[in-house]
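1. Need a 3D model of the sequence below.
(4 chains)
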2 protein chains.
Amino acid sequence: MTVVSKEPNGSPRLADVARAAGVSPSTASRVLNGSVRQVADEYRERVLAAAEQVGYTTNLAAQAMARGRYPAVALVVGDIRDQFFARIAFGAMREASRRGYILNLLSTEGDESRERDLVQDLRRQRPQALVLARKRDTTARAGSRLMEQLLGFQRESGRVVIVGEASEPVLAIRPPDFDGGKALAGALLGLGYRRFVVFLADEAVPSERDRLDGFRVGLSAGGVALPDSHVYRAAHSVTGGMEAATAYLADGPNAEIIVSTEDVVAWGAIHRLRESGLVVPDDIAVAGYGHRLFSPFGDEVDWLTTIRSPLEEMGAAAVSAALDPPASDIPMPSPRIHLGGSTPDRTRFSDGGSGCGR
Amino acid sequence: MTVVSKEPNGSPRLADVARAAGVSPSTASRVLNGSVRQVADEYRERVLAAAEQVGYTTNLAAQAMARGRYPAVALVVGDIRDQFFARIAFGAMREASRRGYILNLLSTEGDESRERDLVQDLRRQRPQALVLARKRDTTARAGSRLMEQLLGFQRESGRVVIVGEASEPVLAIRPPDFDGGKALAGALLGLGYRRFVVFLADEAVPSERDRLDGFRVGLSAGGVALPDSHVYRAAHSVTGGMEAATAYLADGPNAEIIVSTEDVVAWGAIHRLRESGLVVPDDIAVAGYGHRLFSPFGDEVDWLTTIRSPLEEMGAAAVSAALDPPASDIPMPSPRIHLGGSTPDRTRFSDGGSGCGR
DNA sequence: GGAATATGGGACAGCGCTGTCCCGCTCCGG
DNA sequence: CCGGAGCGGGACAGCGCTGTCCCATATTCC
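-> Model prediction:
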């Protein structure tokens, strides 16, 4: 076994492979890193064997410089610990990797005004595309400097796609929350519910309002109205759900079902209702929205009726759209309804909490 | 405004800045990208102004090649949607960014045998360090090829650190689960509890066993024994908690408190207990472990007594250790105990579910 | 059978940047 | 007033790779 020379940092170079295989670097490059050009089988095998033997891996930075592009897409999210962003990141990562791209993930760590700095930092890597995921439009906070950065990036490097709310003149992918709300209304009407109360989490977030709006439209399609007095504002947390439930109970319960725009809020509400002696879902049913309260392992929230937003799909779609500009609108899968024991069918003879607990 | 020439992909180059400033590329480089050398103020300002004017951003790939190193650290996690990994990634990202490094995140998407391929892919980027986060030792599944990759990386590029279980001969950072279990036992003994039942989630995961072992040790330090018959196996899910609670109830309740090695399991247990008519925590108290059931927003799990593993800190520590080899052991913050309404103080006159619901 | 064409290996410049080397200028001490 | 040291700008090679160009050989066609 011959001693091969190395990159300064230690990795064998293409030239080492070429020497070991007795071919030119050009040929080695064509075999190992792809090219239009053909290479005779004999040479090809020699190169592959040599590469294996010296343990060659392409130096991506060098390749990027020679080729003039770096096969990466950048993703800026809020807080990666938040399921909303995690699911988007998951889908984006999967799609990027499917296409042979690297996914560079950056987190604003909740401070949305950092978006601008992160984008500036990211540009140094010359990614092919840039995806920003947000829960609300941050233009006001991040200011016009962010816009400059985004436009600069689009001019020089690649496409920018925003998942969520954007006032910037870039492609935006919005979650189908209106549709989800509407679908949920239809499903619940189908189960026989007629008297609704809504717990609206975090009114400032457009998605939440969309869910409510869609829900209202879905209800009125079934001839049911939802007066404002039946909408309770809640903080976006378990505690928020508990508090809203307390307020609701104080008003004197008269609804058949509480529909929350967030699963966590629904969970808090259930908690509080049970504390007050009500049997959920027999005395009052509950539905949520999001299907992202728990970790992604299987059946955990089966019991709670909820809507699963296609967040992974949105992340993947954003990467796709950023890499090859869609000719027309981006088709987005509809939110999926999950019916669980928390909303028993009122059109049948109910056996109580069916599907609950086993 | 003069037309500046551009990189093929469009970004202005250092040479463009130099020309605009009327200096040499060397000088521009020294000003913009750092160097030991001094630059006279007049030149410095001219360069900075020119850079601003043409909108220069360093081409990281080119810089990496010239400098011989790429300022990145790679992180391989299981499923980023899992809070366990998300919190580690969060800490790692923050630490990397604090040090001016890029964090390249890859996910095995649950298929741990992919670790090997991912590591191979990552090596092409020539990161300075490599961090693998796992819940269990995957050597058996990923095989010796992974080990080869890791050792190859350590030989050629940088250090490898594993967060979690590792049989590879690399630095490993283990979560302080034993300590956490022990601390929890101490705290609960202090609150006056004496009759315990444990719900052990996912027995195959070493962390879970550590929690149990630590808990046992903590109990026996207080003179309390935990017979095996008081340990219920549970699937790691809400449903798993419900099922374990069902089994426990069938055995005839006699414990003062159920301690679960996972928050989700605790939550499922609470659910089931309440369904069966028991009042939690008056009839029976519940404690969990993990403090990572919900999203990271504030107070959401305040009610549930639990242990918060320092996962962010572990991620950060892994990056630190990977970048500058620690002289000695890595100090790891202790798990933090959070006491909530689910475990009222039995040594005082209790007012029932204090702290619960408001 | 000879010319035109196809095939595929190799030489080489250059991607954008930095570290080293060189050199001219200024400043200072003897 | 001269020599030496210090300061700081600029030239230049080269990081590892690829795309283009060149050319030798094989193949095809009239």
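2. OK, now which residue of the stretch 51-200 of chain A is nearest to chain B?
-> Nearest to chain B, among the residues of the stretch 51-200 of chain A, is residue A:156, at 3.6 Å (CB to the nearest CB). In short, each C-beta sits where N, CA and C put it, glycine included.
3. need the strands for chain A, in chain order.
-> Assigned by DSSP state E, the strands in chain A fall at A:72-77, A:102-107, A:129-133, A:159-163, A:171-173, A:196-201, A:231-234, A:257-260, A:285-287, A:306-308, A:336-338.
4. Tell me which of these approaches residue B:59 most closely.
-> strand A:72-77 (13.1 Å; CB to CB).
5. DNA strand D contacts on the stretch 1-150 of chain A?
-> A:7-8, A:13-15, A:25-26, A:29, A:32-35, A:37, A:56, A:58-59, A:62-63, A:65-67 (CB under 7 Å from any atom of the strand).
6. List buried members of those by neighbour count.
-> When these are checked for burial by 16 or more other CB atoms under 10 Å in any protein chain shown, the buried set is A:7, A:13, A:14, A:29, A:32, A:56, A:58, A:59, A:62, A:63, A:65.
7. before we move on, the earlier item: surely the residue of the stretch 51-200 of chain A closest to chain B and residue B:11 touch.
-> Yes - Residue A:156 lies in contact with residue B:11 (CB atoms under 8 Å); the separation is 4.7 Å.
8. Could you check which of these two has the larger neighbour count?
-> residue B:11 (22 against 17; other CB atoms under 10 Å in any protein chain shown).
9. contacting residues for the more buried one?
-> Residues near residue B:11 by CB atoms under 8 Å, 6 or more residues apart in numbering or on different chains: A:123, A:126, A:156, A:157, B:56, B:57, B:59.
10. Tell me if stretch A:235-245 is near chain B.
-> Yes - residues of stretch A:235-245 contacting chain B under CB under 8 Å from any CB of the partner chain: A:236, A:237, A:238, A:239, A:242, A:243.
11. Quick check: of those residues, which has the highest neighbour count?
-> Within the residues of stretch A:235-245 next to chain B, most neighbours by other CB under 10 Å means residue A:238, with 31 neighbours.
12. Who are the contact partners of the nearest residue to it once chain neighbours are set aside?
-> Leaving aside its chain neighbours, residue A:238 sits nearest to residue A:268 (3.8 Å; criterion: CB to CB, 6 or more residues apart in numbering or on different chains). Going by CB under 8 Å, 6+ apart, residue A:268 touches A:234, A:237, A:238, A:239, A:240, A:241, A:242, A:243, A:244, A:245.
13. can I get those in JSON lines with distance to residue A:103?
-> Compiled in JSON lines, those are given as follows (distance: CB to CB, whole Å):
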{"residue": "A:234", "distance to residue A:103": "34"}
{"residue": "A:237", "distance to residue A:103": "30"}
{"residue": "A:238", "distance to residue A:103": "32"}
{"residue": "A:239", "distance to residue A:103": "35"}
{"residue": "A:240", "distance to residue A:103": "33"}
{"residue": "A:241", "distance to residue A:103": "34"}
{"residue": "A:242", "distance to residue A:103": "38"}
{"residue": "A:243", "distance to residue A:103": "39"}
{"residue": "A:244", "distance to residue A:103": "38"}
{"residue": "A:245", "distance to residue A:103": "40"}
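14. Any chance of JSON lines for the residues you listed, columns pLDDT?
-> Formatted as JSON lines, those follow (pLDDT from 0 to 100):
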{"residue": "A:234", "pLDDT": "95"}
{"residue": "A:237", "pLDDT": "82"}
{"residue": "A:238", "pLDDT": "79"}
{"residue": "A:239", "pLDDT": "85"}
{"residue": "A:240", "pLDDT": "90"}
{"residue": "A:241", "pLDDT": "91"}
{"residue": "A:242", "pLDDT": "90"}
{"residue": "A:243", "pLDDT": "94"}
{"residue": "A:244", "pLDDT": "96"}
{"residue": "A:245", "pLDDT": "96"}
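15. Looking at these, which are in helices?
-> Residues of the contacts of residue A:268 located in helices (DSSP state H): A:238, A:239, A:240, A:241, A:242, A:243, A:244, A:245.
16. pretty sure residue A:311 is touching residue A:82, no?
-> No - in this structure residue A:311 lies outside contact range of residue A:82 using CB under 8 Å: 10.8 Å.
17. Please say which of these two ends up with more neighbours.
-> A direct count of neighbours by other CB under 10 Å for residue A:311 and residue A:82 places residue A:311 higher, at 25 against 21.
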